[in-house]
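Novice: Quick one: sequence and predicted model below, then my questions.
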Amino acid sequence: MMYEPAWRFPRSIDDCLRALSESQDGARLIAGGTDLAARIADRVERPPVLVDLSRVEELEAIEIGDDRAALGATVTHGALVRSGVIAERAEVLAMACRHVGSPQIRARGTIGGNVANASPAADGATALLALGASVRIRTTDGDESLVGARDFFRGPGRCALGSRDLLEAVEFELPPPGAKSVYVKAGQRNALAIAIVSVAAVYYPKEGRISVALGSVAPTPVRADAAERLFEQNWRGPDRPEELLVAVGTEAVKASCCMDDLRATASYRRRLVAVLTERALREICTV
């Protein structure tokens, strides 16, 4: 039998929640469709109802305040790459979005989808974790919550979203002027590759601290807490010995729980974590 889902086309967030509430048989939200459409084509999923978010203008906004950003769920990777404020104040996110697929995928794929898919290798999700982002969730019961990225990701393909919840936006504090950030990634080829290891790092020179997030090294993107503490405890202003960056890279390995798979061995991944973390910090922790 041909698969023919019922479609809903809400025009507001309230309409979205109503469509989810009224669908008793497992409705799925769809925006760019870069992941879900492939899963449907491969017969992995057959949701009876598809709720199309493409007409909900409230979800398309990039809202920038004095020190905080809120990205609507259907903001595309391409839009974030083009955003001057994101490039200036949160470059790590713009860089990560440039690594997402092809230009066509970046034009369609959304930041909400990237986060909600909860892939351990998701470029945008890893960058947002480094930025200390939170996810704003709306439920069909009328509740609204803000869940930190550390708590949002639960495992490969699993997150804090319920089956009738809507990821409304992703929020984070913009790093202050003078902060620097970077995203580095190793894949099996230079483009269109899932990360073997990725590192997102933000350096706050006035505070003498860093944040480091790792992708594709654990069941979820993870923060390298031990490496961050080591840097903070040994930071000496602009006079940063080379040995410290090497040590921080080595310490970052403790955040990973790598496994062998088709793309790399666990030992190779651990080595990449140390090398890429050191490389990222050398790029942004300059005198």
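Specialist: Right, received. Where do you want to start? Numbers count the residues shown, from 1 in each chain.
Novice: Averaged pLDDT, the lengthiest helix in the chain. What do you get?
Specialist: As assigned by DSSP state H, the longest helix anywhere in the chain is helix 266-284. Per-residue pLDDT over helix 266-284 has a mean of 94.
Novice: And the contacts of it?
Specialist: Defining contact as CB atoms under 8 Å, 6 or more residues apart in numbering, one finds that helix 266-284 is touched by 180-186, 196-203, 210, 212, 214, 216-217, 224, 227, 231, 245-246, 248-250, 252-253, 255-256, 258-260, 264. C-beta here means a position set from N, CA and C on the backbone, and glycine is covered the same way.
Novice: Report the buried residues of that helix.
Specialist: Of all the residues in helix 266-284, those buried under the rule 16 or more other CB atoms under 10 Å are 269-270, 272-281, 284.
Novice: Also stretch 170-187?
Specialist: 170-172, 174-175, 179-187.
Novice: before we move on, back to that, please produce a PyMOL select command covering the buried subset of the contacts of helix 266-284.
Specialist: Only the buried entries of the contacts of helix 266-284 go into this PyMOL selection, using 16+ other CB under 10 Å:
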select buried, resi 180+181+182+183+184+185+186+196+197+198+199+200+201+202+203+210+212+214+216+217+224+227+231+245+246+248+249+250+252+253+255+256+258+264
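Novice: now the strands for the stretch 101-250 of the chain?
Specialist: Taking DSSP state E, counting those that start in this stretch as the test, the strands found in the stretch 101-250 of the chain are 134-139, 144-148, 153-155, 158-159, 165-173, 180-186, 197-204, 209-215, 222-223.
Novice: between those strands, which gets nearest to P47?
Specialist: Across those, P47 has its closest neighbour in strand 165-173 (15.2 Å, CB to CB).
Novice: Parallel or antiparallel, which strands does that closest one pair with?
Specialist: strand 68-72 (antiparallel), strand 134-139 (antiparallel) (DSSP bridges).
Novice: Where does the prediction get shaky in the protein?
Specialist: Within the chain, the stretches with pLDDT under 70 are 1, 24, 188-193, 237-240, 287.
Novice: what domains does the record give for it?
Specialist: The chain breaks down by automatic domain parsing into domains covering 6-52, 57-173, 180-284.
Novice: Need the three-state assignment for A38.
Specialist: Three-state assignment for A38 (DSSP: H, G, I helix; E, B strand; the rest coil): helix.
Novice: what's the neighbour count on it?
Specialist: 11 (other CB atoms under 10 Å).
Novice: Over to E88?
Specialist: Residues near E88, counting by other CB under 10 Å, number 12.
Novice: Pull out the buried residues from the helix or strand harbouring it.
Specialist: Element membership for E88 (DSSP states H and E) is helix 84-89. Neighbour counts using 16+ other CB under 10 Å place 86, 89 of helix 84-89 among the buried residues.
Novice: ok, the closest residue in space to A218 that isn't next to it in sequence to L214 distance?
Specialist: By the measure of CB to CB, 6 or more residues apart in numbering, the closest residue to A218 outside its immediate chain neighbours is C257, 5.0 Å from it. Separation of C257 from L214 (CB to CB, to the nearest Å) stands at 10 Å.
Novice: can I get the buried residues of stretch 170-187 in TSV with distance to A125?
Specialist: Formatted as TSV, these follow (distance: CB to CB, whole Å):
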residue	distance to A125
V170	9
E171	14
F172	12
L174	18
P175	18
A179	20
K180	21
S181	15
V182	17
Y183	12
V184	16
K185	13
A186	17
G187	16
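Novice: Pull the contacting residues for the nearest residue to Y204 once chain neighbours are set aside.
Specialist: Excluding the flanking residues, the one nearest Y204 by CB to CB, 6+ apart is A179, at 5.1 Å. Contact analysis of A179 by CB under 8 Å, 6+ apart lists 89, 202-205.
Novice: looking at it, I40 is touching R28, isn't it?
Specialist: No: look at I40 against R28 with CB atoms under 8 Å: they stay out of range, at 9.1 Å.
Novice: list the residues that contact both of those two?
Specialist: Going by CB under 8 Å, 6+ apart, residues that sit against I40 and also against R28 are P47.
Novice: roughly how far apart are the spatially most central residue of the chain and A195?
Specialist: Centroid check for the chain by CA atoms, centre = their mean gives A125 as the closest residue, at 1.0 Å. Using CB to CB, A125 is found at 11 Å from A195.
Novice: what do those two both touch?
Specialist: By CB under 8 Å, 6+ apart, the residues touching both A125 and A195 are G215.
Novice: Figure out the length between the terminal residues of stretch 121-139.
Specialist: End-to-end span of stretch 121-139 (CA to CA, to the nearest Å): 27 Å.
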